[in-house]
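*Asks:* Just the structure for this:
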Amino acid sequence: MAGEGESFTKVSSETVEKHSLCSSKGGKGKRLWKKVKYQLVEYHSLPGYLRDNEYIVGHYRSEWPLKQVLLSIFTIHNETLNVWTHLIGFFLFLALTIYTAMKVPKVVDLQSLQHIPDVLRKADLHKLHSELLTCLPSLPNIPDRFRSGWHVVDLLYNCLPERFSSGNHTDVCVLHTVKEDLANIIAPLMVRPITRWPFFAFLGGAMFCLLASSTCHLLSCHSERLSYIMLRLDYAGIAALISTSFYPPVYYSFMCNPFFCNLYMGFITILGIATILVSLLPVFQNPEFRSIRASLFLGMGLSGIAPILHKLILFWEQPEALHTTGYEILMGLLYGLGAAVYATRIPERWMPGKFDIAGHSHQLFHVLVVAGAYTHYQAGLVYLKWRDLEGC
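*Replies:* Coordinates of the predicted model:
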């Protein structure tokens, strides 16, 4: 009995020591488990809904808690640059929107006004002043359709007496120069800026698309349900960007032709709403509707060809029409190149695993989308300045 008692005491003491050892290491164990639980995994370890590109071999987040997913925006994984390329793009377009609302368009280039004092010193100011006074009283009675800077200056120039314009060569040159300077001075005072809502609609669509895309890439790894919601939102953002991109060129090209303006604007709006609904409604997510979804996105992109060609036919002599068309062609090339890179999965398909963190096709696609949208923004500035000065 004594031997059994000693044996029981020995076993009990060993159990207590082991329990104490496990308790002392409990904190380290939890930290180690957390580190293992939130580590990045490889493609073959992903659930089916997260498997999209087999050429991206590793560095995946898989079904992390929402807090860890949100914090992962500041860590390195294969979605880091996908998140930040479009998040930076969102803040870029937010800044452009604020700038546009406050500063655009500057009808007068202030740099061009710096030489006015030199020009006026060369002119016979007393003669010019007396002649202009004979024209100025009639300006308030100018019809509204003539109230743009250049039209007012044309009237001033044409009403100057013949004896002034037939003077010596210096006076004639000075008069032509003064005419240009008068246009720069009078235009901001006389011009009535056209409506800006089509341009801001495009900027809003761009910001929605970029933010939705960034959010999708950040949160989709949390769960299958959230991934489904984020992908639908991402598709809706793409549809919004495409449809609103047509608003500035269509509205400002055909603002003097209400029939065609309403026709093109109505068509792209209906097509955009239909595409967004198809992207969001669960019933359209079944495989049998895949071709319909693809056709809607393709149709939205191709629907811009008709109004651009129509614009060129109407305004083929206007340099602004050619200028904006050049921007629109460049935008289409950037979007098309981005889509091609995304579809072919280049360059990661050539060297699987080498572009997991940086340089894979989706990141290049994001950069090209931001570049294309910014190109379209530049085209919009040309439209605004053109229509502000010319009107209908």
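*Asks:* what packs against whatever helix or strand I98 lives in?
*Replies:* Using DSSP states H and E, I98 sits in helix 80-103. Helix 80-103 sits against helix 197-219, helix 361-390, with contacts defined as 3 or more CB pairs under 8 Å, 6 or more residues apart in numbering; DSSP states H and E. Where C-beta positions appear, they are placed from N, C-alpha and C, glycine not excepted.
*Asks:* Give me the buried stretch members for the shortest one, please.
*Replies:* Across helix 197-219, burial judged by 16 or more other CB atoms under 10 Å covers 198-219.
*Asks:* The next helix or strand after it - contacts with which helices or strands?
*Replies:* From helix 197-219 onward toward the C-terminus, using DSSP H and E, the following helix or strand is helix 224-245. Where contact means 3+ CB pairs under 8 Å, 6+ apart, helix 224-245 is packed against helix 197-219, helix 258-280, helix 290-302, helix 361-390.
*Asks:* could the ones you listed go into a markdown table alongside distance to H310 and mean pLDDT?
*Replies:* Converted to a markdown table, these look like this (distance: least, CB to CB, whole Å; pLDDT from 0 to 100):
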| stretch | distance to H310 | mean pLDDT |
| --- | --- | --- |
| helix 197-219 | 17 | 97 |
| helix 258-280 | 7 | 89 |
| helix 290-302 | 14 | 73 |
| helix 361-390 | 15 | 94 |
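*Asks:* Can you add distance to A95 and give those back as TSV?
*Replies:* Formatted as TSV, the helices and strands packed on helix 224-245 follow (distance: least, CB to CB, whole Å):
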stretch	distance to A95
helix 197-219	10
helix 258-280	25
helix 290-302	27
helix 361-390	11
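*Asks:* highest average neighbour count across the ones you listed?
*Replies:* Compared across those, helix 197-219 shows the largest average neighbour count, a mean of 22 (mean count of other CB atoms under 10 Å).
*Asks:* follow-up on the earlier one: what is the rounded mean pLDDT of the helix holding I98?
*Replies:* For helix 80-103, mean pLDDT is 96.
*Asks:* one step back: reformat the helices and strands packed on helix 80-103 as TSV; add distance to L280.
*Replies:* Shown next, in TSV, are the helices and strands packed on helix 80-103 (distance: least, CB to CB, whole Å):
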stretch	distance to L280
helix 197-219	12
helix 361-390	21
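*Asks:* closest to V104 out of those?
*Replies:* Set against V104 and scored by CB to CB, the helices and strands packed on helix 80-103 come closest in helix 361-390, at 6.3 Å.
*Asks:* Burial check on F315, number of neighbours?
*Replies:* By the measure other CB atoms under 10 Å, the count of residues near F315 is 16.
*Asks:* Provide the backbone phi and psi angles at it.
*Replies:* phi -120, psi 40 (degrees, to the nearest 10).
*Asks:* State the distance from K311 to F254.
*Replies:* Per CB to CB, to the nearest Å, K311 is found 8 Å from F254.
*Asks:* Those two - which one has more neighbours?
*Replies:* Neighbour tally, K311 and F254, criterion other CB under 10 Å: the higher count belongs to K311, 23 against 20.
*Asks:* Provide a list of residues in contact with the more buried one.
*Replies:* If you count contacts by CB atoms under 8 Å, 6 or more residues apart in numbering, K311 has them with 249, 253-254, 321, 324-325.
*Asks:* Do you know the pLDDT at it?
*Replies:* K311 carries a pLDDT value of 95.
*Asks:* Check which residues of whichever strand or helix holds it are buried.
*Replies:* In this assignment (DSSP H and E), K311 forms part of helix 305-314. For helix 305-314, burial by neighbour count (16+ other CB under 10 Å) applies to 307-308, 310-311.
*Asks:* ok, the residue nearest to L337 when sequence neighbours are not counted to D356 distance?
*Replies:* Nearest non-adjacent residue to L337, counting by CB to CB, 6 or more residues apart in numbering: L368, 5.7 Å away. Applying CB to CB, the value for L368 to D356 is 20 Å.
*Asks:* now do S72
*Replies:* 15 Å.
*Asks:* And G266, by the same measure?
*Replies:* On the measure of CB to CB, G266 and D356 end up 45 Å apart.
*Asks:* about what we covered before: looking at it, the residue nearest to L337 is touching G336, isn't it?
*Replies:* No: L368 is not in contact with G336 according to CB atoms under 8 Å; the separation is 9.0 Å.
*Asks:* any common contacting residues for the two?
*Replies:* With CB under 8 Å, 6+ apart, L368 and G336 have no common neighbours.
*Asks:* Touching, V104 and V382? I think so.
*Replies:* No: look at V104 against V382 with CB under 8 Å: they stay out of range, at 11.2 Å.
*Asks:* Outline the domain layout of the protein.
*Replies:* 68-104+194-390, 115-190 (automatic domain parsing).
*Asks:* what's in contact with the helix holding I98?
*Replies:* Outside helix 80-103, the residues that reach it (CB under 8 Å, 6+ apart) are 73, 196, 199-200, 203-204, 206-207, 210-211, 213-214, 217-218, 357-358, 362-363, 366-367, 369-370, 373-374, 377.
*Asks:* before we move on, the earlier item: quickly list what's touching both of V104 and V382.
*Replies:* In contact with both V104 and V382: no residue, using CB under 8 Å, 6+ apart.
*Asks:* nearest residue to M300 other than its sequence neighbours?
*Replies:* Closest residue to M300 apart from its sequence neighbours, by CB to CB, 6+ apart: I242 at 4.6 Å.
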